[in-house]
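>>> have a look at this prediction, sequence included:
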Amino acid sequence: PDLRSPVGYRDKALLELLYASGIRTAELVKLKVADIDVKSNIVHVRQGKGRKDRDVPIPPLAMRWVKEYIEKVRPAFAVRRHVEDGTLWLNYTGGVLDRNRLVEVFKRNRRLAGLDKHVTALTLRHSIASHLLENGMEIRYIQEMLGHDRLSTTQIYSKVTLTGLDKHFRRAHPRE
């Protein structure tokens, strides 16, 4: 994202949060400012899939981007709103950033990054789940973070990558 523009700054915070948390698109666009616990680095997902609430930990780096967006960028967008309902992600005219606008965010930033690959919010959700698994996080915790009811849903991320295999092989093999 172009950090010289307020929209670019919002996009950076949004993308950081999506990757860091693995939350669903529907959960992201429903977030309120009050759902962000900056002190505890937690995002409260309210009424996620299956109408379930959950708390998702966020790394400090991603939370810093979200905090700066809330403090520096969002107020300028919010003054253009007719009704301030605390919606977290706003566009520059003060409107709610919905799923269709989120697609535009990905298209714009994919182009700015020079990526040929199609990247979506779901791509980031799959990526963080796979990366956490490769780095040794237990699949049960990933299940909870992603808000899956069944472990079998989470197990789709357990495909073995060569990088992960090599890393764990070197750590576990008695001759390494």
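Arrived safely, thanks for sending. Residues are numbered from 1 along each chain as shown.
>>> CA atoms for contacts and neighbours, from now on please.
Noted.
>>> what about the strands in this structure?
36-37, 42-45, 54-57 (DSSP state E).
>>> okay if I get the ones you listed as JSON lines plus mean neighbour count and distance to residue 153?
Shown next, in JSON lines, are the strands of the chain (neighbours: other Cα atoms under 10 Å; distance: least, Cα to Cα, whole Å):
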{"stretch": "strand 36-37", "mean neighbour count": "18", "distance to residue 153": "27"}
{"stretch": "strand 42-45", "mean neighbour count": "21", "distance to residue 153": "19"}
{"stretch": "strand 54-57", "mean neighbour count": "18", "distance to residue 153": "17"}
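>>> ok, and what's touching stretch 85-103?
Outside stretch 85-103, the residues that touch it by Cα atoms under 8 Å, 6 or more residues apart in numbering are 6-7, 10, 14, 25-26, 29-34, 70, 74, 76-81, 120.
>>> returning to what we had before: any chance of TSV for the strands of the chain, columns mean pLDDT and distance to residue 144?
Formatted as TSV, those follow (pLDDT from 0 to 100; distance: least, Cα to Cα, whole Å):
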stretch	mean pLDDT	distance to residue 144
strand 36-37	97	18
strand 42-45	94	12
strand 54-57	92	8
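>>> so can I have TSV of the ones you listed showing distance to residue 108?
TSV is the format used below for these (distance: least, Cα to Cα, whole Å):
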stretch	distance to residue 108
strand 36-37	26
strand 42-45	26
strand 54-57	27
